[in-house]
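**Q** sequence and computational prediction follow.
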Amino acid sequence: YDENETGNCPTGIAGHTRRAYICQDISQDPRVKSWRDSALKYGFLSSSAFPIILGDKLYGVLTIYSGEVNLFGSEEVDLLREVCGDIALALNSIELEKEKKEAEKKLKESEEKYRNLVERANDGIVIIQDGIMKFVNQRTADFWGGTINEIIGTPFIKYIHPDELDKVEQRYRRRISGEIVPPIYETILKKKDGSSLYVEINEGIISHEGRPADWVIIRDITERKKAEQALRESEERFKDLFDNAPIGYHELDNNGNIIRVNRIEAEMLGHSVEEMIGKPVWKFVVDEELSRQTIIGKLSGKLPPGKQFERVYRRKDGSTLPVLIDDRFITDKEGKVIGIRSIIQDISERRRMEEERLFLQEQLRQSQKMEAIGLLAGGVTHDFNNLLTVIKGSTQLSLMDLREGDPLYANLKEVERAADLVRQLLAFS
């Protein structure tokens, strides 16, 4: 249909208006002026056009030309309308059949995709109805260790580990009854050979053969469980090592507060771990201000981490504890310092041993000094004894020549006594 004169023909008008267009005499009808000559040229004297419509859909237009005028009476028009209606129904049927075939084709393709998906799935897929296994895929049979035919038609509880049976049965009953139950959970299946299989279950209600059924996806999580167990064991070993290492360990946040400390360090200072967490580390140091300034300097990047430096900590009871500290920075992904981890060693025994070593060295020095003096004294004593022998002998000879009343006699006796006393002192030294 076109709004210009050449497009304003019976077919175009009928299609546009969706009403029958009747021209009983082409030679006289002013509506056909623009195409009259062409029609008369072919001997057409009358025409009619009927839209082929079903509902709102226009399939086309049935146009009839005749060499006679006034051919299309009411009977002919009614008949042609009926014919157009039949044509519309036939075309609609053809179209519906085509759509049906297309839908069936798509459904078949979808079913094939679904079948491939289910059969090739890495997870087990099961449909349970009335407690019976109605469908299982190959993966489910592989999990169990048997065939699909062995499973179909058997109670699902046959495949649940005894320790998990009550839990799984209750979940199934509650879900089938319409109760909202968390769809995902972990459980243990019992394989054909009696061994256990750790799985994750994902369930949901579907319609199977017109009745509710439980759609179950089964995922083998054995490797994940092994990894989780290995991780737990590793964490336990680390915790044991962390808490029972022969050295103290703590971590600080970017404000210098203790965020982690092991049991050994807490025991060193007479505190519990809980008492130390969240407190600035310098609160446990005797020289608190020096420690605070050092920690802040390290966290701000102005100072490097410390290597083997000493500090004196204050215990809860007020006593002191000398320690040796080794620092490491804790950084984020960008390398920014966000904390410090430190190990501390109790060096009180080392200091005690050092003091004892210095004391023993001093004793040795004094002993060596006395030994030297003794050697010197021994040499002097020998020479002095010789002199005393001469002095005493001369004194005794002189006394023999004197009488007791002689004034010199008393003096020589004193010399003799003095010589004996000196000899005794020399013998003692």
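**A** Perfect, I can see it now.
**Q** can you give me the strands for this structure?
**A** For the chain, the strands defined by DSSP state E occupy 21-23, 46-54, 57-66, 124-129, 132-136, 184-190, 196-208, 211-220, 248-252, 258-261, 309-314, 320-331, 337-346.
**Q** among those strands, which is nearest Leu402?
**A** Nearest to Leu402, of all the strands of the chain, is strand 320-331, at 75.9 Å by CB to CB. For the C-beta atoms, the positions are set from N, CA and C on the backbone; glycine is no exception.
**Q** now do the closest one and strand 309-314, the angle between them.
**A** Relative orientation of strand 320-331 and strand 309-314, computed by axes from the mean of the first three to the mean of the last three CA atoms, to 10 degrees: 120 degrees.
**Q** who touches strand 320-331?
**A** 248, 251, 268-269, 286, 298, 305-315, 337-348, 351 (CB atoms under 8 Å, 6 or more residues apart in numbering).
**Q** before we move on, the earlier item: reformat the strands of the chain as JSON lines; add distance to Lys101 and mean pLDDT.
**A** Compiled in JSON lines, these are given as follows (distance: least, CB to CB, whole Å; pLDDT from 0 to 100):
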{"stretch": "strand 21-23", "distance to Lys101": "36", "mean pLDDT": "90"}
{"stretch": "strand 46-54", "distance to Lys101": "20", "mean pLDDT": "91"}
{"stretch": "strand 57-66", "distance to Lys101": "19", "mean pLDDT": "91"}
{"stretch": "strand 124-129", "distance to Lys101": "29", "mean pLDDT": "92"}
{"stretch": "strand 132-136", "distance to Lys101": "28", "mean pLDDT": "93"}
{"stretch": "strand 184-190", "distance to Lys101": "41", "mean pLDDT": "94"}
{"stretch": "strand 196-208", "distance to Lys101": "26", "mean pLDDT": "92"}
{"stretch": "strand 211-220", "distance to Lys101": "30", "mean pLDDT": "92"}
{"stretch": "strand 248-252", "distance to Lys101": "71", "mean pLDDT": "92"}
{"stretch": "strand 258-261", "distance to Lys101": "70", "mean pLDDT": "93"}
{"stretch": "strand 309-314", "distance to Lys101": "87", "mean pLDDT": "91"}
{"stretch": "strand 320-331", "distance to Lys101": "67", "mean pLDDT": "91"}
{"stretch": "strand 337-346", "distance to Lys101": "67", "mean pLDDT": "91"}
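**Q** got JSON lines for those, with mean neighbour count and distance to Gln363 too?
**A** What follows is the strands of the chain, written out as JSON lines (neighbours: other CB atoms under 10 Å; distance: least, CB to CB, whole Å):
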{"stretch": "strand 21-23", "mean neighbour count": "21", "distance to Gln363": "138"}
{"stretch": "strand 46-54", "mean neighbour count": "21", "distance to Gln363": "125"}
{"stretch": "strand 57-66", "mean neighbour count": "17", "distance to Gln363": "121"}
{"stretch": "strand 124-129", "mean neighbour count": "20", "distance to Gln363": "83"}
{"stretch": "strand 132-136", "mean neighbour count": "19", "distance to Gln363": "89"}
{"stretch": "strand 184-190", "mean neighbour count": "16", "distance to Gln363": "72"}
{"stretch": "strand 196-208", "mean neighbour count": "15", "distance to Gln363": "71"}
{"stretch": "strand 211-220", "mean neighbour count": "18", "distance to Gln363": "75"}
{"stretch": "strand 248-252", "mean neighbour count": "21", "distance to Gln363": "34"}
{"stretch": "strand 258-261", "mean neighbour count": "20", "distance to Gln363": "41"}
{"stretch": "strand 309-314", "mean neighbour count": "16", "distance to Gln363": "26"}
{"stretch": "strand 320-331", "mean neighbour count": "16", "distance to Gln363": "24"}
{"stretch": "strand 337-346", "mean neighbour count": "18", "distance to Gln363": "27"}
